[in-house]
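K.L.:
coords below, sequence missing:
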């Protein structure tokens, strides 16, 4: 009988009955509802990809970031973007051979521009969307139709050398020029007669393109 009583008390304790440690204790509070997920800031390549994808979902053929970021009243990031309509650009899938078998992104940017000029366009850029295989990648590029872009050289200290600065500083430069909405250095430097330092090649986009400030949340939706 002593053993039976001891077993009964033990079971009562485990099941929360008389003798349970939880008796009279505080009940656990329900977990607070999770807040909205804040999207991560987009780096260079991911920002290009996101802007192009957003463009194709919103009535444009393509788009590129200007790498300037503002904050809205709620503290959320808003990205500056330049968008192009179907009659302003042509989207093509190019092979590695089309881009001179270049291995780095800066070299491919230069190769896209050279390809564009050699094929009747006024410039172009990588969207950073790729398909194909590791050995035979296919690069989706945006090519500017005639009248959409122009090329000139500028002093090497006119814009920064970091990848993002080649676009953000180019955009700021374009705001002081009539008839242009965007400009960027295509990672190319050229020798200029009478100058010791190489100048930067600048691709200027005319104001036929459209500027929009797009919330980061919309670009990553």
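P.N.:
Everything's here; your move. No experiment lies behind these values; they were computed from the predicted model shown. Numbering: from 1, shown residues only.

K.L.:
going forward, measure contacts between C-alpha atoms and count neighbours the same way
P.N.:
Fine.

K.L.:
the strands in this protein, which residues?
P.N.:
62-71, 77-84, 89-95, 123-132, 137-144, 149-154, 180-190, 199-206, 210-215 (DSSP state E).

K.L.:
for the third one, what is the average pLDDT?
P.N.:
So that's strand 89-95. In this model, strand 89-95 carries a mean pLDDT of 98.

K.L.:
got the strands of the chain as JSON lines, with distance to residue 54 columns?
P.N.:
What follows is the strands of the chain, written out as JSON lines (distance: least, Cα to Cα, whole Å):
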{"stretch": "strand 62-71", "distance to residue 54": "8"}
{"stretch": "strand 77-84", "distance to residue 54": "10"}
{"stretch": "strand 89-95", "distance to residue 54": "15"}
{"stretch": "strand 123-132", "distance to residue 54": "12"}
{"stretch": "strand 137-144", "distance to residue 54": "14"}
{"stretch": "strand 149-154", "distance to residue 54": "22"}
{"stretch": "strand 180-190", "distance to residue 54": "19"}
{"stretch": "strand 199-206", "distance to residue 54": "20"}
{"stretch": "strand 210-215", "distance to residue 54": "9"}
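
K.L.:
Looking at these, which is nearest to residue 107?
P.N.:
Nearest to residue 107, of all these, is strand 180-190, at 7.4 Å by Cα to Cα.

K.L.:
Neighbouring strands - and their directions - for that closest one?
P.N.:
The strands beside strand 180-190 in its sheet (DSSP bridges) come out as strand 199-206 (antiparallel).
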